[in-house]
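> here are the coordinates; sequence isn't available:
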């Protein structure tokens with residue numbers, strides 16, 4: 001079936017829906033609904049004429065479909081709420097109000113917003129997590145189930161959608177900042193966390209901090225620190241700790257309002273980075289990766305038998321220079337432990353999305369920070385590639401892109417949860433790429449597939465990644481269950497009789513590859529191209545980065561044949577998959 005997806009952004013859900021529909025043989029194209037109404041509607045009408053869709057699907061849309069379009073082509077709207085729920089802040093309200101169970105509904109587009117007949121619906125649990133995490137996890141799982149069912153029902157030609165029951169309709173308006181506001185003198189930690197988590201990615205909670213307005217993004221509970229409500233108590237790993245009425249919370253990111261002006265206005269940053277010298281007097285309270293689980297930390301380590309687990313969770317999956325350095329130190333420490341299997345990742349949200357574009361944009365010298373961040377990523381990936389005394393498993397409970405994918409591919413096995421979307425390319429940011437991708441990618445999928453993945457720059461579903469060899473195993477588990485399933489599988493792998501033989505063969509294979517072409521040669525060649533891009537103020541990367549960070553319209557993409565964009569000879573690299581060792 002010819003299906004046209006229309007969305008306000010090519011976000012994680014839209015990418016997943018497109019990839020999963022294509023996996024099932026549908027011709028799924030995409031059109032972006034952005035810009036002013038006239039431009040947006042004209043682009044949609046042009047796409048409809050070009051693609052001639054039998055069905056329109058809107059996975060994430062913040063504006064209305066023009067009447068003439070939905071009247072001409074059957075249009076399905078994905079609403080992140082149960083049947084009868086209406087309004088633009090559905091999931092925000094569910095999280096802020098502490099809902100434990102939610103749903104997703106696929107509706108027919110009509111003149112009444114969220115008022116059309118129901119084609120499909122699916123329910124989901126809402127564990128204690130941030131809105132964006134839930135949106136990419138439980139809500140996305142439910143949305144995909146509902147979309148696929150709706151498409152099957154539409155394709156049958158016999159199904160008739162059901163009207164919404166009039167007595168079940170609840171229309172709730174946009175959740176404004178005054179309804180998100182935190183009363184630090186009266187609100188306890190649980191209430192503060194609900195408000196922070198309901199706005200973690202967007203729009204944030206507007207608040208007054210150190211005499212200035214800031215948007216607060218995300219929150220984690222603190223188990224021991226207390227102080228005068230509203231006061232800042234400490235910093236840790238870029239986050240700041242702020243006292244509540246009965247405890248404290250860690251706030252990982254801040255964003256200055258655009259109205260404030262300045263180069264970093266509107267850019268979401270690690271809280272301590274955003275505040276700069278304002279928090280110089282606060283104590284830095286680092287948390288050891290193997291410290292108590294009740295203690296909030298973004299990198300943690302534990303062992304179960306002969307298996308070690310190094311988990312990390314960075315906001316938005318972005319990995320700054322500091323993130324990479326701390327993760328590398330934790331990885332090296334984990335490698336000293338008497339384990340035979342080391343699992344990297346295993347959390348429920350993003351595995352990684354590569355270098356931290358926001359921190360780079362805010363730096364005094366973005367080119368220099370780009371270089372520092374990239375070389376720190378390379379150091380981390382190289383440490384994984386050169387680990388020869390144990391098996392390394394990359395466990396992806398959430399999405400990965402660019403350098404995050406290449407970090408995963410450095411492991412001996414890659415396990416990912418059903419529903420994970422991979423973007424194994426750099427082109428959309430005008431970059432050639434690094435992290436030893438010219439070694440890791442072709443040795444898994446072959447030179448032709450490596451070139452196709454990086455040039456086409458399309459999202460890849462978990463099932464397609466398994467077919468092409470990008471991953472070794474797809475784990476069928478709910479987001480909250482992925483960690484425990486991975487632990488059991490890693491335990492079986494560590495105790496298996498053939499593990500030591502695999503480790504020996506892995507070491508021999510690494511030595512053979514090194515003799516053919518040293519890892520240093522891959523790194524040098526990749527970084528030479530990247531250095532030219534970073535140091536060229538006219539390189540598309542800089543404009544693309546700024547637009548991405550500031551949520552502005554993206555400039556035209558560079559041609560694949562432009563300087564710095566041409567793909568290399570990826571015929572070397574051993575031609576074997578890690579799982580063959």
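Thanks, I have it. A quick note: this is a predicted structure, and the numbers were derived from the prediction, not measured.
> ok, residue 376 - contacts?
Contacts for residue 376 (C-beta atoms under 8 Å, 6 or more residues apart in numbering) come out as 321, 324-325, 328. For every residue, glycine as well, the C-beta is placed using N, CA and C.
> sorry, wrong one. I was asking about residue 531.
By C-beta under 8 Å, 6+ apart, the contact set of residue 531 is residue 371.
> what's the answer for the one 4 residues further on, then?
Taking C-beta under 8 Å, 6+ apart as the definition of contact, the neighbours of residue 535 are residue 367.
> quick check: it vs residue 374, distance?
According to C-beta to C-beta, to the nearest Å, residue 535 and residue 374 sit 12 Å apart.
> with residue 457 instead?
19 Å.
> just residue 346 next, same as before
Distance of residue 346 to residue 374, computed by C-beta to C-beta: 25 Å.
> likewise for residue 310?
Counting by C-beta to C-beta, the gap from residue 310 to residue 374 is 22 Å.
> list the buried residues in the helix or strand harbouring residue 148.
If you go by DSSP states H and E, residue 148 is part of helix 138-156. Within helix 138-156, the residues scored as buried using 16 or more other C-beta atoms under 10 Å are 138-151, 153-154.
> the next helix or strand after that helix pairs with which strands?
Heading C-terminal from helix 138-156, the first helix or strand you meet, by DSSP H and E, is strand 170-171. With DSSP bridges as the test, strand 170-171 is paired with strand 85-86 (parallel).
> of the buried residues of helix 138-156, closest to residue 452?
When the buried residues of helix 138-156 are compared for distance to residue 452 (C-beta to C-beta), residue 144 comes out closest, at 24.7 Å.
> need the contact list for the closest one.
16-17, 20, 419.
> mind redoing it with 6 Å?
By C-beta atoms under 6 Å, 6 or more residues apart in numbering, residue 144 lies in contact with residue 20.
> that's a strand at residue 394, yeah?
Yes: applying DSSP: H, G, I helix; E, B strand; the rest coil, one finds residue 394 inside a strand.
> can you give me the neighbour number for it?
27 (other C-beta atoms under 10 Å).
> and it, what does it touch?
Contacts were defined as C-beta under 6 Å, 6+ apart; by that measure residue 394 touches 344-345, 408, 411, 414.
> where in the protein is pLDDT low?
For the chain, the stretches with pLDDT under 70 are 558-581.
> so where do the strands sit in the stretch 1-150 of the chain?
In the stretch 1-150 of the chain, the segments counted as strands under DSSP state E, counting those that start in this stretch are 2-7, 27-32, 55-58, 75-79, 85-86, 101-108, 118-125.
> swap that for the stretch 401-550 of the chain, please
Going by DSSP E, counting those that start in this stretch, the stretch 401-550 of the chain shows strands at 413-417, 421-423, 460-461, 473-475.
> so residue 400 bridges to which residues?
Beta bridges link residue 400 to residue 352, residue 422, judged by DSSP bridges.
> any idea which of the contacts of residue 394 is closest to residue 241?
Checking those against residue 241 with C-beta to C-beta, the nearest one is residue 345 at 25.8 Å.
> tell me which residues form a beta bridge with that closest one?
residue 395.
> contacting residues around the one residue sitting closest to the centre of the chain?
Centroid-nearest residue in the chain: residue 350, 4.2 Å away (criterion: C-alpha atoms, centre = their mean). Residue 350 makes contacts with 317, 398-399, as judged by C-beta under 6 Å, 6+ apart.
> neighbour count and distance to residue 302 added to the residues you listed, as a markdown table?
Formatted as a markdown table, those follow (neighbours: other C-beta atoms under 10 Å; distance: C-beta to C-beta, whole Å):
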| residue | neighbour count | distance to residue 302 |
| --- | --- | --- |
| 317 | 21 | 22 |
| 398 | 27 | 19 |
| 399 | 27 | 24 |
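> next, format those residues as TSV and append distance to residue 512.
As requested, those are exported to TSV (distance: C-beta to C-beta, whole Å):
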residue	distance to residue 512
317	33
398	34
399	33
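> on that earlier part again, tabulate the strands of the stretch 1-150 of the chain (TSV), appending distance to residue 553.
As requested, the strands of the stretch 1-150 of the chain are exported to TSV (distance: least, C-beta to C-beta, whole Å):
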stretch	distance to residue 553
strand 2-7	15
strand 27-32	9
strand 55-58	20
strand 75-79	24
strand 85-86	29
strand 101-108	29
strand 118-125	32
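> and of the ones you listed, who's closest to residue 47?
Nearest of those (C-beta to C-beta): strand 27-32, 3.8 Å.
> residues in contact with the closest one?
Here strand 27-32 makes contact (C-beta under 6 Å, 6+ apart) with 2-6, 18, 21-22, 44, 47, 51.
> 7 Å - rerun?
2-7, 10, 14, 18, 21-22, 43-44, 47, 51 (C-beta atoms under 7 Å, 6 or more residues apart in numbering).
> return the set of buried residues in it.
Quick answer for strand 27-32 (16+ other C-beta under 10 Å): 28-32.
> re earlier: list just the nearest of the contacts of residue 394 to residue 172.
Distance to residue 172 across the contacts of residue 394 (C-beta to C-beta) is lowest for residue 345, with 36.4 Å.
> count the residues that sit near that closest one.
As a burial measure, residue 345 scores 29 neighbours (other C-beta under 10 Å).
> with residue 383 instead?
16.
> likewise for residue 8?
Residues lying near residue 8 (other C-beta under 10 Å) number 16.
> ditto for residue 48
As a burial measure, residue 48 scores 19 neighbours (other C-beta under 10 Å).
> how much space is there between it and residue 41?
Distance of residue 48 to residue 41, given as C-beta to C-beta: 11 Å.
> same question, residue 295
51 Å.
> who's more crowded, the two?
Neighbour count, other C-beta under 10 Å: between residue 295 and residue 41, residue 41 has more, with 18 against 15.
> that one touches residue 64, doesn't it?
No: using C-beta atoms under 7 Å, residue 41 is not in contact with residue 64; the gap is 9.3 Å.
> for the closest residue to residue 320 other than its chain neighbours, which residues are in contact?
Of all residues not flanking residue 320 in the chain, residue 356 sits nearest, at 3.7 Å (C-beta to C-beta, 6 or more residues apart in numbering). By C-beta under 7 Å, 6+ apart, the contact list for residue 356 reads 318-320, 323, 373.
> before we move on, what about residue 485?
Residues in contact with residue 485 (C-beta under 7 Å, 6+ apart) are 475, 477.
> which SSE is the residue nearest to residue 284 when sequence neighbours are not counted in?
Among residues not flanking residue 284 along the chain, residue 235 sits closest, at 5.1 Å (C-beta to C-beta, 6+ apart). When elements are assigned from DSSP H and E, residue 235 belongs to strand 232-236.
> ok, residue 342 next?
strand 341-345.
> count of neighbours near residue 518?
Residues lying near residue 518 (other C-beta under 10 Å) number 11.
> with residue 525 instead?
The burial count assigned to residue 525 is 16, neighbours taken as other C-beta under 10 Å.
> isn't residue 304 up against residue 487?
Yes: taking contacts as C-beta under 7 Å, residue 304 lies within contact range of residue 487: 5.9 Å.
> what helix or strand is residue 221 on?
strand 220-222.
> helices or strands next to that strand in the packing?
Strand 220-222 sits against strand 248-251, with contacts defined as 3 or more C-beta pairs under 7 Å, 6 or more residues apart in numbering; DSSP states H and E.
> which neighbouring elements make contact with the strand it packs on?
helix 189-197, strand 220-222, strand 239-243.
> who are the packing partners of the helix or strand just after the longest one?
Spelled out, it's helix 189-197. Per DSSP H and E, the first helix or strand lying C-terminal to helix 189-197 is strand 205-209. If contacts are counted by 3+ C-beta pairs under 7 Å, 6+ apart, strand 205-209 sits against strand 212-217.
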